[in-house]
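K.L.:
Need a 3D model of the following:
(2 chains)
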Amino acid sequence: MAPSADIAIEPIAPIEPPAPLAPLHALPPPFTDSNLEVLTQGAEALVYKTTFLTPATPCVVKYRPPKPYRHPTLDKRLTKTRLLAEARVLVRCRKEGVGVPGVLAGDWDNGWLVLEWIEGMTVRKVLDEWADKVKRGDKKEGDDEMLGVMRKVGRAVGRLHDIGVCHGDLTTSNLMLRQPSSSTEHASPLFQHRGHQTVSAMREAAMDGADGSEPSPPQPQSELDGDIILIDFGLVSQTIQDEDRAVDLYVLERAFSATHPAAEPLFQKILTSYGESFKGAKTVLRRLEDVRLRGRKRSMLG
Amino acid sequence: MASVRTFHLPHYPAYPVQVALFKDVANAAFLRSQLLEANPDFDYAFLDATMILTPNHLLSATFLALHASQTSRTKTRTAHSELVFRLHPNNNIGESYRKFGISDTTTHLIAVKFSLTPNITNESVSKHLGEFVKGESVAIGEEGEELGIWCDVGKVRKVYKLGEEKKTKKGAVVNGNVEMDARKEIESVVLGMITLKGS
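P.N.:
Predicted coordinates for the structure are as follows:
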């Protein structure tokens, strides 16, 4: 049934995508551009730093902008469920005492979440700096401090898995080493100056000791002393299956070997401390062997 | 005249919040009856100070109430009742008033007033409250630490179903520090629960 040639047929025009209600990359009210600082941007969310409740309290705003290519109703629903899943898990972790940033406020319909600000640096950065030092010969490889950090990472991930939560995107960038609160005033935000600062801090400590006051530990040790805080729960799932837990560890292992080839022996330390952290951990480690052989996507079979 | 502290919440600079703190309040029953009669002059959020953990606890609920009223998604009639409602983890307005609102036996009182219209200022609130609240006004500092001093942590734990305090702290820490750390921990969980409520 070919149409006759004299009837002109309009080609079917693709449907115009609906205009987004708010311009992209602008936070919904009450947030304004003033007092906002973009931290990072992912595929789903924009992350800003701003203040909350009091002008002196820094916080993180995670905003999931509406996607113009999705149907508005579907878009709203997806944004809402994802934000809520993240917030619920964060609150639950907080309740159970796992190191995560607290939820301060949120609005599901507008797609934003306000989270506690964690002062410190990512484990990735810690490892980078450590690798630099090793290269320059300042530190040796099997460094005790670094092993201490790895032990804490293993324990933190173990705690998370113990309460039945799998992170889903465990990388070294999603692990933070919180600055120990006592050294906050000493530490400078510019890490390049750390070297000078530690020297002066050590001198200070030495002077303290000479004065006969209580011996304060030398600053370089406390630098890696803080707690491990897990961040970015955007892909989190609540599950107690060994498979998911093992995949979490596998992703972390891959992240390690991809970004820090020299640090791979350190990963063993994570696994040992993970293995001791909760009851089912040993079986997870056995499952990890399987995952290593086949990759993380078991469900892709068949 | 009562001493009133004005808080400016970041992101809502146009709507300052007036907060006053009283102790030894004698006429709680009268204030409550005014609330029940919905007297427009007494459109305040009267809160039991023993239920407020930290300044952040109050300010967070205040922010959420203000946000809800500004985006017209309130569950209650006014911004002030929304604040009382926001504090409670459940979706029951009456229950929130019983737990966090003023009762006939309340002696420690926090009064919160949103400056939604320009004629409500620090002075006007101070004058009105000074006239009608029979109690000793307590000055609130810059940071608002005074808001948490009468907190009954046990009661707060119970309302938010946090269970008994775990003995996790090792020795060798200054006593006051442990107390403050524990409060910070509870605060963080409580803020999350307030935020998540009704979702």
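
K.L.:
alpha carbons only for contacts and neighbour counts from here, please
P.N.:
Will do.

K.L.:
Could you look up the SS state of residue A:150?
P.N.:
Three-state assignment for residue A:150 (DSSP: H, G, I helix; E, B strand; the rest coil): helix.

K.L.:
Now the residue lying closest to it once chain neighbours are set aside: phi and psi?
P.N.:
The spatial neighbour of residue A:150 that comes closest, neighbours along the chain excluded (C-alpha to C-alpha, 6 or more residues apart in numbering or on different chains), is residue A:270 at 5.2 Å. Per-residue torsions, residue A:270: phi -60, psi -50 (degrees, to the nearest 10).

K.L.:
wait, residue A:270 sits on residue A:148?
P.N.:
No: here residue A:270 does not reach residue A:148: they are 9.6 Å apart, not a contact under C-alpha atoms under 8 Å.

K.L.:
And the residue in chain B that chain A sits nearest to, how close does it get to residue B:184?
P.N.:
Scanning chain B for the residue nearest chain A gives residue B:192, at 4.7 Å (criterion: C-alpha to the nearest C-alpha). Distance, residue B:192 to residue B:184, using C-alpha to C-alpha, to the nearest Å: 12 Å.

K.L.:
Those two: who's more crowded?
P.N.:
residue B:192 (27 against 15; other C-alpha atoms under 10 Å in any protein chain shown).

K.L.:
Could you give the bridge partners of the closest residue to the more buried one other than its chain neighbours?
P.N.:
Closest residue to residue B:192 apart from its sequence neighbours, by C-alpha to C-alpha, 6+ apart: residue A:103 at 4.7 Å. Beta bridges link residue A:103 to residue A:115 when assigned by DSSP bridges.

K.L.:
Surely residue A:103 and residue A:90 touch.
P.N.:
Yes: between residue A:103 and residue A:90 there is a contact under C-alpha under 8 Å: 6.9 Å.

K.L.:
As PDB, could you dump the C-alpha coordinates of stretch B:128-137?
P.N.:
C-alpha atoms of stretch B:128-137 as PDB (Å, rounded to 0.1, in the frame of the first residue of the first chain):
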ATOM      1  CA  HIS B 128       4.600  40.800  73.300                       C
ATOM      2  CA  LEU B 129       6.300  37.800  75.000                       C
ATOM      3  CA  GLY B 130       7.500  40.000  77.900                       C
ATOM      4  CA  GLU B 131       3.900  41.000  78.500                       C
ATOM      5  CA  PHE B 132       2.300  37.600  78.400                       C
ATOM      6  CA  VAL B 133       4.800  35.000  79.500                       C
ATOM      7  CA  LYS B 134       5.200  34.800  83.300                       C
ATOM      8  CA  GLY B 135       8.700  33.500  83.600                       C
ATOM      9  CA  GLU B 136      12.300  34.500  83.700                       C
ATOM     10  CA  SER B 137      13.700  35.400  80.300                       C
END
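
K.L.:
ok now that stretch, how far from the chain's centre?
P.N.:
With C-alpha atoms, centre = their mean, to the nearest Å as the basis, stretch B:128-137 stands 17 Å off its chain's centre.

K.L.:
how about the residues of chain B near chain A?
P.N.:
Contact residues, chain B versus chain A (C-alpha under 8 Å from any C-alpha of the partner chain): B:8-12, B:56, B:59-60, B:63-64, B:67, B:162, B:188-189, B:191-193, B:195-196, B:199.

K.L.:
ok so, going back, residue contacts, the residue nearest to residue A:150?
P.N.:
A:150, A:151, A:152, A:153, A:154, A:155 (C-alpha atoms under 8 Å, 6 or more residues apart in numbering or on different chains).

K.L.:
Let's have those in TSV, adding neighbour count.
P.N.:
Listed next are the contacts of residue A:270 as TSV, based on neighbours: other C-alpha atoms under 10 Å in any protein chain shown:
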residue	neighbour count
A:150	23
A:151	20
A:152	22
A:153	27
A:154	25
A:155	23
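
K.L.:
How confident was the prediction at the spatially closest residue to residue A:79 that is not a sequence neighbour?
P.N.:
In this structure, residue A:79 finds its nearest non-sequential neighbour in residue A:111, 6.2 Å apart by C-alpha to C-alpha, 6+ apart. Looking at residue A:111, its pLDDT is 90.

K.L.:
From residue A:164, how far off is residue A:111?
P.N.:
26 Å.

K.L.:
For chain B, give me its nearest residue in the stretch 51-200 of chain A.
P.N.:
Going by C-alpha to the nearest C-alpha, chain B is nearest to residue A:103 of the stretch 51-200 of chain A, at 4.7 Å.

K.L.:
Quick check: pLDDT value at that residue.
P.N.:
For residue A:103, pLDDT reads 93.

K.L.:
got the contact list for it?
P.N.:
A:87, A:90, A:91, A:113, A:114, A:115, A:116, B:188, B:189, B:191, B:192, B:195.

K.L.:
Among these, name the ones in helices.
P.N.:
Of those, the ones assigned to helices by DSSP state H are A:87, A:90, A:91, B:188, B:189, B:191, B:192, B:195.

K.L.:
can you map out the strands along chain B?
P.N.:
B:4-7, B:17-23, B:45-48, B:109-114, B:136-138 (DSSP state E).

K.L.:
how about TSV for those, with mean pLDDT and mean neighbour count added?
P.N.:
Shown next, in TSV, are the strands of chain B (pLDDT from 0 to 100; neighbours: other C-alpha atoms under 10 Å in any protein chain shown):
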stretch	mean pLDDT	mean neighbour count
strand B:4-7	90	21
strand B:17-23	92	23
strand B:45-48	92	26
strand B:109-114	92	25
strand B:136-138	90	19
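
K.L.:
from memory residue A:248 sits against residue A:172, does it?
P.N.:
No: using C-alpha under 8 Å as the test, residue A:248 is too far from residue A:172 to be in contact (12.0 Å).
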